[in-house]
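Asks: fold the following.
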Amino acid sequence: MTDHLSLLLTKIESHTARVGIIGLGYVGLPLAVVFAERGHEVIGFDIDQRKVDSLNAGESYIEDIPSLRLEPLVTAKKLHATTDFKLLQQCDTVSICVPTPLRKTGDPDISYIIKATEAIAQTLHAGMLVVLESTTYPGTTSEVILPKLTERGLKVGESFFLCFSPERVDPGRKDWTTANTPKVMGGVTARCMEAGKALYGSAIEQIVAVSSPEAAEMVKLLENTFRAVNIGLVNEVLLMCDRLGLDAWEVIEAAASKPFGFMKFTPGPGLGGHCIPIDPLYLSWKLKTLNYRARFIELASEINMEMPRYWVQKVQNDLNEACKAVKGSKVLVLGVAYKKDVSDLRESPALDIIHLLQAKGATVSYHDPYVASFHADEVDMTSVTDIDAALQEADCVVIVTDHSCYDWAAITQKVQLLVDTRHVTQ
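Replies: Next comes the predicted model:
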């Protein structure tokens, strides 16, 4: 009887295992690069032909991966991309790094996971390792992926191997990257875990093993729920301090002087990025199917989602104090990315602020050195090129994203009316 695990482990150890990555975005591309840099041959799969063409030309479209880092791997034929998912049959391992958005109803949309799994199922062969990285609700790996992969009779833990290992990517970060951030891993069986640890351990410094895919899925949701709930708490502190006539940031900074029992979070314009606004709601949805209401998650989500309206109301109040109406006023938004020094617009609260201001009749423009233009909710906008002229023309300036390249001291000197959602101090 062929020991498929031993054969796979030998390939991984000798760097002859061909690694497949489905989804070449903020998670998949850095993962592909790390595997390629460790000597593996990597095939990247994506439905976006533009990404595939860019990668094969050695040109990166993600800030975390400079083209100077990508191009040598492409030239050495350690990394290439394709839209042909039939080539999955050439892979010894496949990592699924596809989006998991929410539907408009607030329910999880795992259609990208299902499509990726169906493509793998059509090419699944003995000895293949499949690892899901996309954030999802506990049970997805075992209840959705596993049944599809066993339809043709292959047995998990013997003929093929299946794990869940949640991504932990923080775009724009330099200290913690794909290579040195500890990687949680949960296998369907012990042999699956052995295969997953071997592959990821060949490229990532530390693997944290948990007892099951469900535990690993829950780990990711706990991480982001922790942040979402604490951000919701501190956003409500801002609302309370506003009513009490107190400076919320003064209160927070003073509280942060306590050397134990307190972790500093700061208020802001709302939640952004793929993870924090969405992932906790995956957990809340799952618990509803079990007749349990995740009250902390729902309350935090409600508070965080209302923050754009709070800041638009601040704009309206401040314009009113200056004897101006929102309708017809020129409002300049500084920064539309969801966090500083990246071009990532996913779930950015800046877009909500812009849409709300436009709905009130304001003439809105924006400047962002990382986002030249964007299209969202049938709105097309282009960043102003002359920021000095835009500052002089604006009736109100709203700071949303505190990009480090901005000279805030110079900007604030040129602004008559400033609404600062991130409380940038000079």
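Asks: what comes up buried for stretch 278-289?
Replies: By neighbour count with 16 or more other Cβ atoms under 10 Å, stretch 278-289 contains the buried residues 278, 279, 280, 281, 282, 283, 284, 285, 286, 287. Yep, even glycine has a C-beta here, placed from its N, CA and C like the rest.
Asks: would you format the residues you listed as JSON lines with distance to residue 33 and pLDDT included?
Replies: Shown next, in JSON lines, are these (distance: Cβ to Cβ, whole Å; pLDDT from 0 to 100):
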{"residue": "278", "distance to residue 33": "25", "pLDDT": "90"}
{"residue": "279", "distance to residue 33": "24", "pLDDT": "89"}
{"residue": "280", "distance to residue 33": "29", "pLDDT": "92"}
{"residue": "281", "distance to residue 33": "30", "pLDDT": "92"}
{"residue": "282", "distance to residue 33": "27", "pLDDT": "93"}
{"residue": "283", "distance to residue 33": "30", "pLDDT": "94"}
{"residue": "284", "distance to residue 33": "34", "pLDDT": "94"}
{"residue": "285", "distance to residue 33": "33", "pLDDT": "94"}
{"residue": "286", "distance to residue 33": "32", "pLDDT": "94"}
{"residue": "287", "distance to residue 33": "36", "pLDDT": "94"}
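Asks: now, which of the residues you listed lie within helices?
Replies: Of the positions in the buried residues of stretch 278-289, 279, 280, 281, 282, 283, 284, 285, 286, 287 sit in helices, assigned by DSSP state H.
Asks: report the contact partners of the fifth one.
Replies: With contacts taken as Cβ atoms under 8 Å, 6 or more residues apart in numbering, residue 283 has the following neighbours: 137, 138, 218, 221, 225, 294, 297.
Asks: how about the strands in the stretch 251-400 of the chain?
Replies: 330-334, 363-367, 373-376, 379-382, 396-399 (DSSP state E, counting those that start in this stretch).
Asks: could I get those strands as a markdown table with distance to residue 411, mean neighbour count and mean pLDDT?
Replies: Shown next, in a markdown table, are the strands of the stretch 251-400 of the chain (distance: least, Cβ to Cβ, whole Å; neighbours: other Cβ atoms under 10 Å; pLDDT from 0 to 100):
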| stretch | distance to residue 411 | mean neighbour count | mean pLDDT |
| --- | --- | --- | --- |
| strand 330-334 | 7 | 24 | 97 |
| strand 363-367 | 10 | 20 | 97 |
| strand 373-376 | 21 | 14 | 91 |
| strand 379-382 | 20 | 12 | 91 |
| strand 396-399 | 8 | 25 | 96 |
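Asks: looking at those, which is closest to residue 70?
Replies: strand 373-376 (23.8 Å; Cβ to Cβ).
Asks: give the other helices and strands that the closest one contacts.
Replies: The elements that strand 373-376 packs onto, with contact taken as 3 or more Cβ pairs under 8 Å, 6 or more residues apart in numbering; DSSP states H and E, are strand 379-382.
Asks: the strand it packs on pairs with which strands, and in what direction?
Replies: The strands beside strand 379-382 in its sheet (DSSP bridges) come out as strand 373-376 (antiparallel).
Asks: for residue 28, which of the strands of the stretch 251-400 of the chain is the nearest?
Replies: Proximity to residue 28, assessed across the strands of the stretch 251-400 of the chain by Cβ to Cβ, is greatest for strand 373-376 (21.9 Å).
Asks: give me the low-pLDDT residue ranges for the stretch 1-150 of the chain?
Replies: Per-residue confidence of the stretch 1-150 of the chain (counting by pLDDT under 70) places the weak regions at 1.
Asks: ok, the stretch 301-426 of the chain next?
Replies: 424-426.
Asks: which residues in it form helices?
Replies: Listed in chain order, the helices of the stretch 301-426 of the chain (DSSP state H, counting those that start in this stretch) span 349-359, 387-393, 408-413.
Asks: okay, these in JSON lines with mean neighbour count and distance to residue 24 next?
Replies: Formatted as JSON lines, the helices of the stretch 301-426 of the chain follow (neighbours: other Cβ atoms under 10 Å; distance: least, Cβ to Cβ, whole Å):
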{"stretch": "helix 349-359", "mean neighbour count": "21", "distance to residue 24": "24"}
{"stretch": "helix 387-393", "mean neighbour count": "15", "distance to residue 24": "33"}
{"stretch": "helix 408-413", "mean neighbour count": "13", "distance to residue 24": "35"}
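Asks: could the ones you listed go into TSV alongside distance to residue 101?
Replies: What follows is the helices of the stretch 301-426 of the chain, written out as TSV (distance: least, Cβ to Cβ, whole Å):
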stretch	distance to residue 101
helix 349-359	15
helix 387-393	33
helix 408-413	33
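Asks: which residues belonging to stretch 71-80 are considered buried?
Replies: Buried residues in stretch 71-80 (16+ other Cβ under 10 Å): 73, 74, 78, 79, 80.
Asks: make that stretch 241-251, sorry
Replies: Residues of stretch 241-251 classed as buried by neighbour count (16+ other Cβ under 10 Å): 241, 248, 251.
Asks: OK, contacts around the last one?
Replies: Listed by Cβ under 8 Å, 6+ apart, the contact partners of residue 251 are 237, 241.
Asks: so which of the buried residues of stretch 278-289 comes closest to residue 16?
Replies: residue 279 (35.7 Å).
Asks: dihedrals phi and psi, the residue nearest to that closest one when sequence neighbours are not counted?
Replies: Distances taken as Cβ to Cβ, 6 or more residues apart in numbering put residue 224 closest to residue 279, at 4.1 Å, once the chain neighbours are dropped. Backbone torsions of residue 224, given as degrees, to the nearest 10, read phi -80, psi -30.
Asks: residues contacting residue 224?
Replies: Contact analysis of residue 224 by Cβ under 8 Å, 6+ apart lists 135, 275, 276, 279, 280.
Asks: touching, the last one and residue 228? I think so.
Replies: Yep, that's residue 280 we're talking about. Yes. Counting by Cβ atoms under 8 Å, residue 280 touches residue 228, with 4.7 Å between them.
Asks: residues shared between the contacts of those two?
Replies: Joint contacts of residue 280 and residue 228 (Cβ under 8 Å, 6+ apart) are 297, 300, 301.
Asks: thinking again about what came up before, what would the ones in helices among the buried residues of stretch 278-289 look like in CSV with distance to residue 162?
Replies: Shown next, in CSV, are those (distance: Cβ to Cβ, whole Å):
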residue, distance to residue 162
279, 21
280, 25
281, 25
282, 20
283, 22
284, 26
285, 23
286, 20
287, 24
